[in-house]
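>>> I'd like to go over a predicted model; first the sequence, then the structure.
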Amino acid sequence: MNLLAFGVREFGLELSPDKLQAFEIYYRELRRWNRRANLTALISPEEVQIKHFLDSLSIYELAEFREAISSGRELRMVDVGTGGGFPGVPIKIVNPQVSLTLVDSSRKKVQFLEHLIGVLGLKGVEIIWGRAEEVARSEEHRERYDWVVARAVAEFPVLAEYLIPLCRVGGYVVAYKGPKIFQELEISLEAISILGGKVVRLHQVQASALESSRYLLLIAKESPTPPLYPRRPGIPAKRPLGLRKGKRPSLSPGSR
Ligand code: SAH
């Protein structure tokens, strides 16, 4: 895990031997389960260290996140559409005090995650097999999280409706995005505001090991989400909020 150990220094992090070993185990289990659970197309040790582990940890470039972590307060995070555990699990390995909820609608991915969390011996992780639209409507999860994160799940007008309802007022939403975010953001502003969010900034990831076209979209939750949202499973993707018919640009789904 040398590339990872070296890479995280730019985030001001130093990984202990225990944590590096946890990443080794994570890598080994990803490889073992990849065919069965279809976890990732990137599987070389270099790719996983950089494009999954280091990329997931790029949230440390956000001052708001570093402050929340160093405050020592309990921090509740949910990772929506986590797949093989990105970005939530690398963040949890580095910061065991984060209480983490992982959500994915794929049963095989959830089985992998249950196995992984067991092998890593991580405490304070809840794994939910379900759709974001449903989880965000349940009392237990709605507006309960300080940090809501997602990578490569949907284009932002759709993702906003999955993520913003889960965030408490005063909390933050972070979407890990590629260069298409500029187009996506333009068509998402109405949805973000309807859902009670406000764009804080679009941060371009600085880490030299990562591609220069990685972005973190940081949104603050300013007011409660109207009870109408999220709409029923499938509706946010079919009729993205704030987009009138015919206005929808053709973006590929899940741009990383
Ligand atoms: N975040 C991971 C996986 C991205 S693939 C990564 O960056 O590598 C997208 C994942 O989102 C898939 O595992 C899929 O099952 C899940 N997903 C898509 N729509 C979802 C929804 N509405 N609710 C929950 N999970 C969803």
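Okay, I see it. Residues are numbered from 1 along each chain as shown.

>>> buried residues in the longest strand anywhere in the chain?
When every strand of the chain is counted residue by residue (DSSP state E), the longest turns out to be strand 167-177. Within strand 167-177, the residues that qualify as buried are 167-168, 171-177, counting by 16 or more other Cβ atoms under 10 Å. Where C-beta positions appear, they are placed from N, C-alpha and C, glycine not excepted.

>>> Equivalent analysis for stretch 196-204, please.
Counting neighbours by 16+ other Cβ under 10 Å, one finds that the buried residues in stretch 196-204 are 196-197, 203.

>>> do the same with stretch 124-142
Counting neighbours by 16+ other Cβ under 10 Å, one finds that the buried residues in stretch 124-142 are 125, 127-129, 131-133, 135-137, 141-142.

>>> in which helix or strand would I find residue 69?
According to DSSP states H and E, residue 69 maps onto helix 63-70.

>>> Near the ligand, which residues of the stretch 101-250 of the chain? Just list them.
Applying Cβ under 6 Å from any ligand atom, we find that the stretch 101-250 of the chain lies next to the ligand at 103-106, 109, 131-133, 151-153, 162.

>>> Now residue 200: closest residue in space that isn't a chain neighbour?
residue 218 (4.3 Å; Cβ to Cβ, 6 or more residues apart in numbering).

>>> And the one you found, how close does it get to the ligand?
17 Å (Cβ to the nearest ligand atom, to the nearest Å).

>>> That residue should be in a strand, yeah?
Yes: residue state for residue 218 (DSSP: H, G, I helix; E, B strand; the rest coil) corresponds to a strand.

>>> Now for it: which residues touch it?
The neighbourhood of residue 218, defined by Cβ atoms under 8 Å, 6 or more residues apart in numbering, consists of 62, 64, 172-174, 199-203.

>>> before we move on, back to that, top of the residues of the stretch 101-250 of the chain next to the ligand by neighbour count?
residue 132 (29 neighbours; other Cβ atoms under 10 Å).

>>> Report whether the expected contact of that residue with residue 80 is present.
Yes: counting by Cβ atoms under 8 Å, a contact exists between residue 132 and residue 80, whose distance comes to 4.8 Å.

>>> Touching, residue 165 and residue 138? I think so.
No: here residue 165 lies out of contact with residue 138, judged by Cβ under 8 Å, at a distance of 10.5 Å.

>>> quick one on the thing from earlier: touching both of residue 132 and residue 80, which residues are there?
Each of 103, 153, 162-163, 166 lies in contact with both residue 132 and residue 80 under the rule Cβ under 8 Å, 6+ apart.

>>> Nearest to residue 3 among those residues?
Within the shared contacts of residue 132 and residue 80, proximity to residue 3 (Cβ to Cβ) peaks at residue 153, which comes in at 25.7 Å.

>>> Right, I'll call it a day here.
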